[in-house]
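Novice: here is a sequence with its predicted model. Questions after.
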Amino acid sequence: MPTTSLRYWDPEGEKFGIPTWPWGMGPDPEVMATERQLKARGLRPAGQAAAGQIGWRIRGGDRFANLFLVALAKKKRPMTPAMWASIRKALAARRVCPVCNTAKDYDISRKTGVCNDCPESGLEAAA
């Protein structure tokens with residue numbers, strides 16, 4: 001086992017407070033899974049606290065991914081028509097220029113804050 005892996009080897013949770021394993025050496029994915037792994041199975045953590053974590057080092061810093069018990073996970077909630085309508089409304093709002101108040105066929109730049117037809121107004125507002 002490499003020395004860097006030993007840094008995160010704490011299956012009893014004495015060092016980190018919860019059981020911790022190095023990247024690639026975690027528990028069986030059928031028992032504990034990350035949020036992304038749960039999502040891929042159509043599940044969600046359902047408010048449970050993390051039962052463990054995976055640790056790794058990147059660019060000189062420590063990173064951790066929480067692990068949740070698969071047995072306590074619940075099925076993902078389906079999107080309701082109201083949720084879909086809310087998303088459509090939010091996406092449409094990103095296409096309306098606040099200066100000329102016209103709907104465009106592209107998202108308004110977050111950098112300038114205005115459509116491509118109003119570049120002068122966006123530069124003056126940013127200054």
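Specialist: Noted; the coordinates are in hand. Residues are numbered from 1 along each chain as shown.
Novice: residue 75 is in contact with residue 42, correct?
Specialist: Yes: with contact defined as C-beta atoms under 8 Å, residue 42 reaches residue 75; the gap is 6.2 Å. The C-beta positions use only the backbone N, C-alpha and C, and glycine is treated the same way.
Novice: who does residue 44 bridge with?
Specialist: Note on residue 44: beta-bridge partners by DSSP bridges are residue 74.
Novice: again, but for the one 10 residues further on
Specialist: On the basis of DSSP bridges, residue 54 is bridged to residue 21, residue 65.
Novice: pretty sure it contacts residue 34?
Specialist: Yes: Residue 54 is in contact with residue 34 according to C-beta under 8 Å; the separation is 7.2 Å.
Novice: what residues are shared contacts of these two?
Specialist: 65, 67 (C-beta atoms under 8 Å, 6 or more residues apart in numbering).
Novice: surely residue 71 is within a helix?
Specialist: Yes: under DSSP: H, G, I helix; E, B strand; the rest coil, residue 71 sits within a helix.
Novice: let me see the contact set for it.
Specialist: Residue 71 sits next to residue 31 when contact means C-beta under 8 Å, 6+ apart.
Novice: for residue 82, give its distance to residue 95.
Specialist: Distance, residue 82 to residue 95, using C-beta to C-beta, to the nearest Å: 21 Å.
Novice: phi, psi for residue 83 please.
Specialist: Main-chain dihedrals, residue 83, degrees, to the nearest 10: phi -60, psi -40.
Novice: what's the answer for residue 40, then?
Specialist: When read as degrees, to the nearest 10, the backbone of residue 40 gives phi -60, psi -30.
Novice: same question, residue 35
Specialist: According to degrees, to the nearest 10, residue 35 has phi -60, psi -40.
Novice: burial measure for the residue lying closest to it once chain neighbours are set aside, as a count.
Specialist: For residue 35, ignoring the flanking residues on the chain, the nearest one in space by C-beta to C-beta, 6 or more residues apart in numbering is residue 45 at 6.3 Å. Neighbour count of residue 45, defined by other C-beta atoms under 10 Å: 21.
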